[in-house]
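Student: Okay, sequence plus prediction incoming.
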Amino acid sequence: MAETGLAAPAARTVRMPSAWAGLVRSSVQVALTYRGRMVLWVLSGFFPLLLMAVWLTVVDESGPPAGWTTGDFLSYYAAAAVMWHLSGQHVVWEWDADLRSGDLSTRLLRPMHPFGQYAAGDLGHRLVLLTGLLPALALATVVVPGLDYDLTPARAALTLAAVVLAYALSLLMASTVALVGFWSTQTTNLWMLWWGIGSFCSGWVAPLELMPSWLQQVARVLPFWATLGFPVELLSGRLAPGEVAAGFGVGLAWTAAFAGLYVLGWRHGIRRFQAVAG
Amino acid sequence: MTTHEVATDRRLGGWRRYVHILGVCWRAAVAQQLEYRADLLAKTLMSAFWLAWAAIGVSVYFRFTGDIGGWSYGGVLVVVGMFFAVNGARQAFLEPNLSLMHDYVRRGTLDHVLTQPVDSQLLVSLRHVGMHNLVDPLLGLVLVVVGVGVTGTVPTAGDVTASALLFVAALALLYALVLALMSLAVLLVGGDELGTVSFSVVELSRFPVQAYRQPLQTLLVVVPVAFLTTLPASALLGRLDPVWLLVSPVVAAAAVAAASLGWRRVLRRYTGASA
């Protein structure tokens, strides 16, 4: 943020770690206040389970597609349903609303770059959801026959790292697209288009292994798989060591790329910003 | 509505008066939203994109099987098209009104609605219309035609009529559900997330119910998801058990009557918020 010139002078007077901690804590409290809303929101994320239900019918009627058994689908989609709630994409809507209403002006006056404010606000919600959903997933592995991750400590640690990477990447990707709001009013549509195309590569439409092989190859180098399919398949133990390394490599490279794009976009975009209101 | 217009529609009787009032409300809503033309165009393109997304998305299943629960790819496309039509109608006609209900109750606007010389159910449930999704039913219809083409069957005039009848019954059923949710919003004084319920019910109808295993399949007939898309699509493909032609309209009519009665009951208990 020091490079923006806008928020820079005040920024030096605030100790960043404590400001982050405070913002995350406050967003945790907001999330906890609206518990009912969170529960409904989790329930509305049943779409992966719907896709899973159809796959289970396919397994029943025509045998396991590409060797994927009922247990494989259960494990994949249960984890995918959890991962869906750990995406950082919600910041796109916040950016869009603030750019339209002019509330971004208020954020610019605060001694922290807006990216940090949005990210900290989102992170609290993710943490609350994670503390609810992780035990639910653990319970599901006990209750549902066939749903099992057979987790080793090493793979658990790697999965945790992949989840953090997935969140960081999706947050940076969404924030970068959100900057388009400085030039256009169609940010949310653009994000939906981006996400929609990416969903064929991310493992959302179907596990990547079940996609045509040309699409699989393209998807391995695009940023989408690292945000969803990679941590899920890592947890399920479907990936060879080489694939794990490649997954982390591609994810980290895209995270760095979007960080760079974000900084660049912010520098050019903020110059165009004319407060609408405040 | 101006005094003049109220005077005009008092002279009209019965349902023609309702149609006239809805016409006035919808013209105003459409005129307002037509001011944002670029946005409207973008939303229309997005609708077309999601339609293609859904059609390509389900094709992945058919890389591994010829049919799911007796439905071929073409048949599933017909269901997806029906889903877009139903969902588009929900988003255009029902959702804008349901999302306002929470505010009506909390801020006392409902009191104002009740004092107007028009049936309150009509005003709260159908007054607003969202332009953004008006094109969705048409896009859905295109996919229905494409799906029928893929299956290679040629529907008879009887199939088309039966399908249209079941589709109207589906819309009526959905209307009843939304009206019931509105009554619930009055009872609960709030409930701004009730829209999630109607969204979820429609979302479940994205696939034919036979694509799910038991007991979910039977459950989705009881929770009337099957009525929304599976039945109209089956009729069009000439594979419907004719008994549903009787059951579906009766269920829909009963649901609308029950929801309408529920709305009146709830209003009798409503004590007002603004007074």
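Tutor: Yep, that arrived.
Student: and A:Pro145, backbone torsions?
Tutor: Backbone geometry at A:Pro145, expressed as degrees, to the nearest 10, gives phi -70, psi 140.
Student: Share the number of residues neighbouring residue 229, please.
Tutor: I'll assume chain A. Around A:Gly229 there are 27 other residues, counting by other Cβ atoms under 10 Å in any protein chain shown. No exception for glycine: its C-beta is placed from N, CA and C like everyone else's.
Student: if you could check chain B rather than the one you did, that'd help
Tutor: Counted with other Cβ under 10 Å, the neighbours of B:Thr229 add up to 30.
Student: so what's B:Cys25 up against?
Tutor: Taking Cβ atoms under 8 Å, 6 or more residues apart in numbering or on different chains, we find B:Cys25 in contact with B:1, B:126-129.
Student: Read off the pLDDT value for it.
Tutor: pLDDT, B:Cys25: 84.
Student: same check, this time on the one 4 residues further on
Tutor: Looking at B:Ala29, its pLDDT reads 81.
Student: name the element it belongs to?
Tutor: helix B:14-33 (DSSP states H and E).
Student: picking up where we left off before, which member of the contacts of B:Cys25 is positioned nearest B:Leu228?
Tutor: Nearest to B:Leu228 among these: B:Leu126, at 19.0 Å, using Cβ to Cβ.
Student: what residues are up against that closest one?
Tutor: Shown in contact with B:Leu126 (Cβ under 8 Å, 6+ apart): B:22, B:25, B:93, B:97.
Student: Could you measure from it over to B:Val118?
Tutor: Per Cβ to Cβ, to the nearest Å, B:Leu126 is found 11 Å from B:Val118.
Student: For the residue nearest to the spatial centre of chain A, give me phi and psi.
Tutor: Note on chain A: the residue nearest the mean C-alpha position is A:Ser87, at 2.1 Å, using Cα atoms, centre = their mean. Main-chain torsions, A:Ser87, degrees, to the nearest 10: phi -90, psi 150.
Student: Secondary structure element holding the closest residue to it other than its chain neighbours?
Tutor: In space, A:Ser87 comes closest to A:Ser170 once its chain neighbours are excluded; the distance is 4.7 Å by Cβ to Cβ, 6 or more residues apart in numbering or on different chains. Assigned by DSSP H and E, A:Ser170 falls within helix A:153-178.
Student: which residues does the residue in the stretch 1-150 of chain B positioned nearest to chain A contact?
Tutor: Taking Cβ to the nearest Cβ, chain A has its nearest neighbour within the stretch 1-150 of chain B at B:Phe64, 3.5 Å off. By Cβ under 8 Å, 6+ apart, B:Phe64 lies in contact with A:58, A:62, A:65-66, A:210.
Student: Quick check: the farthest pair among the residues you listed?
Tutor: A:Ser62 and A:Leu210, at 12.9 Å, using Cβ to Cβ across the contacts of B:Phe64.
Student: Compare those two (neighbour count), which wins?
Tutor: Remark: of A:Ser62 and A:Leu210, A:Leu210 carries more neighbours, 21 against 14, as counted by other Cβ under 10 Å.
Student: any idea how far A:Phe73 is from the nearest residue to the more buried one once chain neighbours are set aside?
Tutor: Sequence neighbours aside, A:Ala66 is the residue nearest to A:Leu210 in space, at 5.6 Å (criterion: Cβ to Cβ, 6+ apart). Between A:Ala66 and A:Phe73 the computed distance is 11 Å (Cβ to Cβ).
Student: neighbour-wise, which of those two wins?
Tutor: Using other Cβ under 10 Å as the criterion, A:Ala66 and A:Phe73 rank with A:Phe73 on top: 24 against 11.
Student: Which residue, other than its chain neighbours, is closest to that one?
Tutor: Per Cβ to Cβ, 6+ apart, closest to A:Phe73 is A:Trp55, 4.7 Å.
Student: Report pLDDT for A:Ala80.
Tutor: Predicted confidence (pLDDT) for A:Ala80: 93.
Student: Check which helix or strand it maps to.
Tutor: In the assignment (DSSP H and E), A:Ala80 maps to helix A:70-84.
Student: need the next SSE after that helix, C-terminal direction.
Tutor: Toward the C-terminus, helix A:70-84 is succeeded by helix A:91-101 as the next helix or strand (DSSP H and E).
Student: So what's the model's average confidence on that next one?
Tutor: The average pLDDT for helix A:91-101 rounds to 87.
Student: and if you look at stretch A:26-45?
Tutor: Across stretch A:26-45, pLDDT averages out at 73.
Student: Could you do stretch A:205-222 as well?
Tutor: 94.
Student: same check, this time on stretch B:116-130
Tutor: For stretch B:116-130, mean pLDDT is 80.
Student: where does chain B have its least confident helix or strand?
Tutor: The least trusted helix or strand in chain B, going by mean pLDDT, DSSP states H and E, turns out to be helix B:3-11, with a mean of 52.
Student: Please list the residues of chain A that sit near chain B.
Tutor: A:36-37, A:40-41, A:43-44, A:46-47, A:50, A:53-58, A:60-62, A:65-66, A:185-186, A:189, A:192-193, A:196, A:199-200, A:205-206, A:210-212 (Cβ under 8 Å from any Cβ of the partner chain).
Student: which of these are buried?
Tutor: With neighbours counted using 16 or more other Cβ atoms under 10 Å in any protein chain shown, the residues of chain A next to chain B contain these buried positions: A:40, A:46-47, A:50, A:53-58, A:65, A:186, A:189, A:192-193, A:196, A:199-200, A:205-206, A:210-211.
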